[in-house]
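Visitor: Make a model of this:
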Amino acid sequence: MRENDTRPSPQPPGPASTGAADGTHVEASGHAGTPAAGLAFAALGVVFGDIGTSPLYAMQTVFATHHNDVQPVPEDVFGVISMVLWAITIVVSFKYITLVMRADNEGEGGILSLTHLLRNTVSSTRRMAVVTALGMTGAALFFGDSVITPAISVMSAVEGLTVVSPMFETWVVPAAVVILSGLFFVQKWGTAAVGRWFGPVMAVWFVTLALLGLPHIISHPAILGAVSPHHAILFIVSHPFIAFIAVGAVVLTITGAEALYADMGHFGKGPIRMSWFAVVFPALALNYFGQGAMILEDPATVGNPFFNMAPDWATLPLVGLATIATVIASQAVISGAFSVARQSVRMGLFPRLLVRHTSKLEGGQIYVPVVNWILFFGVLTLIGVFRSSANLASAYGLAVTGTLILESLLFLSLAHMVWKVQTWKIVVYIVLVLGVELAFFSANLAKLVSGGWLPLTIATAVLMVMTTWRKGAGLVAKHRRELEGPLDEFVEALRDSDIPRVPGVAVYAHPNSETTPLALRSNVYFNHVVHQHVVLIEIVNENVPHIRHVDRVHVQDLGFEDDGIVHISVHVGFSDSQDIPRGLALAIGRSPELDIDPDEAHYFLSVLTLHPTGDAKMSRWRKMFFVLMANNAASRTEVFHLPPDRTAVMGAEMEI
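Guide: Model (predicted):
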């Protein structure tokens, strides 16, 4: 199916609205009438799970993993804590919360939504290609992050058992495997039932973070002086190499920052900002201050600073709470991967994927089986290979920092080309934000050999899939139009023929209104009949999250009504279901001239059998890979929600 060419000009700030899947018009948050405080509370469980569990492993990675470089001495501790606080302030509070969240696509955020915004406004073909390439790379890096996050989060929580007793060390890997296996196996039932508990659990988690830090801050209040950036500057100047290595671990404190933007459509800007400044940021700051104070008091605690903050009696309950919190963080990442995969399909970057809606009320509650099991296999592989969160930390960072930089580049492009922001403001952003992100990325490049290659390998594989599918789909679309031929010529030939018309309604899913569906041609040539009513239905993927039902269907006059042929376009957003029978029913209900019974309609799908033996300009292995993906794409009967007992598949063969 094609993307719509409508190109609205987005505005920088201001409230956005969107149409829900049921046709109602709701606020951008997606929860009409819900108080901001309630949405802010719910956001704690979805938006902040990843960044909220970073204290589990960030400081351990800085001091324990790099114990020969970063020492638990005042100069290093103050420098590291200062870098952490200012990294969170600049990247999260300033970049995402204050600036980037102003760039919304009908209330939705995320790198692909940002890409959609620019694709809608960029007229140059070259710039369009650059924007698309940046969005594809960012999405690919997100999938690399999606594999690592569940593994490192859950393992870091379970490793708290070793603080209780070293004898539990052998239990860490099996326990993590069991917990994550359960998480991936329940995905097909959706998270609506347990999702309501995410907010309360994460609220308890953030309160716990603050309470863990407070006693150590009270006993060593001097640590609060780390809020001054001069400690970070002195640390960098006096130990440039050590600081460079430390920066590669400090970036772990901002992992999940991109989720603030990606989940904006679920809750809205206001509630997310409220949660961040009122709860999350203060809790994280107090916990990191507390970890720094404790390390100064007892350098031996660097082995696992987070769990060493708790009194002995509280360690085991804390392990349980941390495990639940990391499962919630993992769930947010998995759900995000499902959403990115669906958006990628709608943008023509992935083959058709089976998407199941797990909630009748929440359009964002979806399950993508193939993505779920690929992530599950990847997570188990990582746990088996790396076997500890400290080792996994070496693989973490490159995907996150790469995504941060790409989103900054897309945001700067939007600010410059669309919003016409003053040059000096863009320069300030480049120096203050992009400069910090480039420093993070450079520091993580040092971990390339020890594990950083992993997310890049995953991202490269995803990019290979995207580019191969996009190239192959373009070639097929071009040759397919030649096979189909103009619709007006086909109808004219029907008028001049003696092909009989038989009673019934034949519905053909077809991506445009200019050419003839292959299934219609096959029906005429092989069966020598045409149904009395012929309906061509086109799914139009709009560059917005939702299309209201009142705006969803359009019956177009192609000039063939006297021949019993009508064309219907069904417009859907990238969060809407591609339900053809529902679209047909909507069109019949609003167009009196469509005097047909939707329950009597028979559906015909045009299918091409592809062979990688043509002369198209594409390498042989990529042709074979494209054909493999095309042959294993999700059944359009399921994707379009067609009734199997009233659906027939007809088509032709093609060489590419």
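
Visitor: Report the buried residues of the helix or strand harbouring residue 381.
Guide: Following DSSP states H and E, the helix or strand that holds residue 381 is helix 369-386. Judged by neighbour count using 16 or more other Cβ atoms under 10 Å, the buried positions of helix 369-386 are 371-372, 374-376, 378-380, 382-383, 386. Just so you know, the C-beta spots here come from the backbone N, C-alpha and C atoms, and that holds for glycine as well.

Visitor: Phi first, then psi, for the residue lying farthest from the centre of the chain.
Guide: Most distant residue from the mean C-alpha position of the chain: residue 498, 53.3 Å away (Cα atoms, centre = their mean). With angles defined as degrees, to the nearest 10, residue 498 sits at phi -110, psi 30.

Visitor: before we move on, what about the one 3 residues further on?
Guide: Its backbone dihedrals place residue 501 at phi -100, psi 130, with angles given as degrees, to the nearest 10.

Visitor: Can you get me a residue count around residue 625?
Guide: Residue 625 has 18 neighbours, counted by other Cβ atoms under 10 Å.

Visitor: Revised request: answer the last question for residue 142.
Guide: Neighbourhood size, residue 142 [other Cβ under 10 Å]: 29.

Visitor: same question, residue 353
Guide: 17.

Visitor: That one contacts residue 634, correct?
Guide: Yes: proximity of residue 353 to residue 634 meets the contact threshold set by Cβ atoms under 8 Å, at 5.4 Å.

Visitor: now the helices for the stretch 151-300 of the chain?
Guide: 161-164, 172-185, 192-195, 198-219, 230-238, 240-250, 257-262, 264-267, 269-275, 281-297 (DSSP state H, counting those that start in this stretch).

Visitor: Can you list the neighbours in contact with the second one?
Guide: By that I understand helix 172-185. Contacts to helix 172-185, defined as Cβ atoms under 8 Å, 6 or more residues apart in numbering, come from residues 150-151, 154-155, 158-159, 161-162, 323, 327, 330-331, 334, 372-373, 375-376, 379-380, 383-384, 387-388.

Visitor: Now do the same for that helix: mean pLDDT, whole number.
Guide: Summarised as a single mean, pLDDT over helix 172-185 is 93.

Visitor: How far away from the center of its chain is it?
Guide: 23 Å (Cα atoms, centre = their mean, to the nearest Å).

Visitor: tell me the angle of it relative to helix 369-386?
Guide: With axes from the mean of the first three to the mean of the last three Cα atoms, to 10 degrees defining the directions, helix 172-185 sits at 180 degrees from helix 369-386.

Visitor: Any buried residues in helix 172-185, and which?
Guide: Buried residues in helix 172-185 (16+ other Cβ under 10 Å): 172-173, 175-177, 179-180, 183-184.

Visitor: Can you get me a residue count around residue 503?
Guide: 8.

Visitor: hang on, the earlier thing: got a list of contacts for the helix holding residue 381?
Guide: Taking Cβ under 8 Å, 6+ apart as the rule, helix 369-386 contacts 146-148, 150-151, 155, 173, 176-177, 180-181, 184, 187-188, 334, 337-338, 341, 353-354, 356, 392, 395, 451, 454, 458.

Visitor: swap the cut-off to 7 Å and go again
Guide: Outside helix 369-386, the residues that touch it by Cβ atoms under 7 Å, 6 or more residues apart in numbering are 146-148, 150-151, 155, 173, 176-177, 180, 184, 187, 334, 337-338, 341, 353-354, 392.

Visitor: Now do the same contact list for residue 59.
Guide: 291, 305.

Visitor: what pLDDT does it get?
Guide: As predicted, residue 59 sits at a pLDDT of 92.

Visitor: Quick check: closest non-adjacent residue to residue 206.
Guide: Here the nearest residue to residue 206 in space, its sequence neighbours aside, is residue 283; by Cβ to Cβ, 6 or more residues apart in numbering that works out to 4.0 Å.

Visitor: Surely that neighbour touches residue 204?
Guide: No: taking contacts as Cβ atoms under 7 Å, residue 283 lies outside contact range of residue 204: 11.0 Å.

Visitor: Tell me which of the helices of the stretch 151-300 of the chain lies nearest to residue 526.
Guide: helix 172-185 (45.1 Å; Cβ to Cβ).

Visitor: low pLDDT regions in the protein?
Guide: Applying pLDDT under 70 to the chain flags residues 1-35, 65-68, 191-195, 359-364, 543.

Visitor: domains of it?
Guide: Structural domains annotated on the chain: 42-334+343-353+388-470, 485-655, as defined by automatic domain parsing.

Visitor: With distance to residue 476 as added columns, please give those domains in TSV.
Guide: Formatted as TSV, the domains of the chain follow (distance: least, Cβ to Cβ, whole Å):
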stretch	distance to residue 476
domain 42-334+343-353+388-470	10
domain 485-655	7
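
Visitor: most neighbours per residue, which of those?
Guide: Counting by mean count of other Cβ atoms under 10 Å, domain 42-334+343-353+388-470 has the highest mean neighbour count of the domains of the chain, with a mean of 21.

Visitor: What separates the first and last residues of it, distance-wise?
Guide: End-to-end distance for domain 42-334+343-353+388-470: 38 Å, by Cα to Cα, to the nearest Å.

Visitor: how far out from the middle of the chain is that domain?
Guide: Its chain's C-alpha centre and that of domain 42-334+343-353+388-470 lie 15 Å apart, by Cα atoms, centre = their mean.

Visitor: And what about residue 539, helix, strand or coil?
Guide: At residue 539 the chain is in strand, as set by DSSP: H, G, I helix; E, B strand; the rest coil.

Visitor: Residue 286 and residue 258, how far apart?
Guide: 24 Å (Cβ to Cβ, to the nearest Å).

Visitor: what do you get for residue 392?
Guide: Applying Cβ to Cβ, the value for residue 392 to residue 258 is 19 Å.

Visitor: Residue 37: which of the helices of the stretch 151-300 of the chain is closest?
Guide: Closest of those to residue 37 is helix 269-275, at 7.3 Å (criterion: Cβ to Cβ).

Visitor: neighbouring contacts of the closest one?
Guide: For helix 269-275, the external contacting residues (Cβ under 7 Å, 6+ apart) are 29, 36, 39-40, 43-44, 47-48, 97, 101, 260, 264.

Visitor: now with 8 Å?
Guide: Contacts with helix 269-275, where a contact means Cβ under 8 Å, 6+ apart, come from 28-29, 36-37, 39-44, 47-48, 97, 101-102, 104, 260, 263-264.

Visitor: and residue 558, backbone torsions?
Guide: Dihedral angles of residue 558 (phi, psi; degrees, to the nearest 10) stand at phi -90, psi 0.

Visitor: ok now do it, which residues does it touch?
Guide: Applying Cβ under 8 Å, 6+ apart, we find residue 558 in contact with 487, 513, 565-567.

Visitor: All the strands of the stretch 401-550 of the chain, residue numbers only.
Guide: Under the criterion DSSP state E, counting those that start in this stretch, the stretch 401-550 of the chain contains strands at 501-509, 530-541.

Visitor: So which of those is nearest residue 109?
Guide: Checked against Cβ to Cβ, the stretch from the strands of the stretch 401-550 of the chain lying closest is strand 530-541, at 18.7 Å.
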